[in-house]
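Asker: model the following, please.
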Amino acid sequence: MSKQRKRRLTPQSWLKLLFGQPPAGMYRRPSVYMTGTQMEIEHFRRIRTYDESKLCLELYGGTFTVYGDQMRILSLAAHRITLQGRFVRTDFTDSIDG
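Answerer: Here you go, the predicted model:
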């Protein structure tokens, strides 16, 4: 059994990793959080359609659709939306035409 040697970081390289810039485009990646009857979606471009049974969002590189019952928007910020309702399913299409 061979021992693998662990590389130790120098203080300078540790600080560079800690305070370095995130990868390009990181903050444009969509995020979806769901807890019970609430769903929060971040980093979308615009709302394409909305009613109480369907929400379609245009993302950077596709569309994201949420299907459900009695959905209502609790909050809406520049690139974040919070929904409440009963969620049935979601779909993602990687073309904006979709």
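Asker: from now on I want contacts and neighbour counts done on CA atoms only, so please keep to that.
Answerer: OK.
Asker: any low-confidence regions in the protein?
Answerer: 1-5, 25-28, 96-98 (pLDDT under 70).
Asker: try 80
Answerer: 1-7, 21-28, 95-98 (pLDDT under 80).
Asker: residue boundaries of the helices in it?
Answerer: Taking DSSP state H as the criterion, the chain contains helices spanning 11-19.
Asker: need the contact list for the residue nearest to the spatial centre of the chain.
Answerer: With distances taken as Cα atoms, centre = their mean, residue 31 lies nearest the centre of the chain, 1.1 Å away. With contacts taken as Cα atoms under 8 Å, 6 or more residues apart in numbering, residue 31 has the following neighbours: 41-43.
Asker: let me know the closest of those to residue 19.
Answerer: Of all the contacts of residue 31, residue 19 sits closest to residue 43, with 23.0 Å by Cα to Cα.
Asker: relative to residue 30, how far out is the closest one?
Answerer: 5 Å (Cα to Cα, to the nearest Å).
Asker: what do the two both touch?
Answerer: By Cα under 8 Å, 6+ apart, the residues touching both residue 43 and residue 30 are residue 59.
Asker: what about residue 56, how many residues nearby?
Answerer: Per other Cα atoms under 10 Å, the neighbour tally for residue 56 reads 19.
Asker: correct me, but it touches residue 50?
Answerer: Yes - the pair residue 56 / residue 50 is scored as a contact, 6.4 Å apart, by Cα atoms under 8 Å.
Asker: ok, the nearest residue to residue 41 once chain neighbours are set aside to residue 39 distance?
Answerer: Nearest residue to residue 41, sequence neighbours excluded (Cα to Cα, 6 or more residues apart in numbering): residue 32, at 4.6 Å. Distance from residue 32 to residue 39, counting by Cα to Cα: 7 Å.
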